[in-house]
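Student: here's a sequence, model it:
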Amino acid sequence: MAEEFKRIMEAEGNRVNVHHIKEAKPKDLPQADMYVFGSPTRMGKPTGAMVRFVKKVNLPPGTRYAIFGTFGSAVPDKKTGVMPSEEEMEKWRRTIPMLDERLKAKGMTKVAEVKAFVKPDTLKGPLEEGWQGIVGAFAADILGR
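Tutor: Numbers count the residues shown, from 1 in each chain. Prediction:
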């Protein structure tokens with residue numbers, strides 16, 4: 001998702017740098033007009049590494065950010081065959097709210113968020129069809145602000 005976001009934004013004349021959290025230092029991030037944080041979801045939450053990274057982020061209040069998260073698609077209950085409701089699924093989609101809470105506590109300002117879904121048979125990808133359009137809408141939302 002990050003690379004597709006970069007491609008779209010650069011096609012609109014913006015400069016985008018993509019860094020994996022293993023490469024970046026949260027207390028020493030380069031100056032930027034906006035930061036985009038993303039994480040896959042594991043057991044309903046962002047990865048532990050991403051939570052630790054965001055806790056250590058040291059950016060001034062008012063810094064703009066956006067968030068994306070990837071989630072497993074809904075699947076029927078193995079015993080009953082019943083699909084969970086959207087409300088039930090949101091209990092397992094805490095990645096964006098958890099990251100958002102930590103960033104807002106630092107005084108940062110959210111610009112946009114987006115969810116994309118992975119095929120339920122693997123939970124590690126690939127993303128479901130149409131994900132590029134979701135990333136495109138995310139970029140358009142950011143560019144429109």
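
Student: what about the closest residue to L29 other than its chain neighbours, neighbour count?
Tutor: Distance criterion CB to CB, 6 or more residues apart in numbering; nearest residue to L29, sequence neighbours excluded, is L59 at 6.5 Å. All C-beta spots, glycine's among them, are computed from the backbone N, C-alpha and C. Using other CB atoms under 10 Å, L59 is surrounded by 18 other residues.

Student: for L59, report the pLDDT, please.
Tutor: For L59, the pLDDT comes out at 96.

Student: cool, A2 as well?
Tutor: Here, the pLDDT recorded for A2 equals 94.

Student: touching, the residue nearest to L29 and Y35? I think so.
Tutor: Yes: counting by CB atoms under 8 Å, L59 does reach Y35; the two are 7.0 Å apart.

Student: any common contacting residues for these two?
Tutor: Counting by CB atoms under 8 Å, 6 or more residues apart in numbering, the shared contacts of L59 and Y35 are L29.

Student: neighbours of F5, how many?
Tutor: Residues near F5, counting by other CB under 10 Å, number 21.

Student: elements contacting the helix or strand containing T41?
Tutor: Counting by DSSP states H and E, the element that carries T41 is strand 35-42. For strand 35-42, the elements it packs on are helix 2-11, helix 48-56, strand 64-72, helix 95-105, judged by 3 or more CB pairs under 8 Å, 6 or more residues apart in numbering; DSSP states H and E.

Student: for stretch 69-89, give me every contacting residue.
Tutor: So stretch 69-89 is in contact with 1, 38-41, 46, 92-93, 95-96, 99, 113-120, 123, 125, 127-128, going by CB under 8 Å, 6+ apart.
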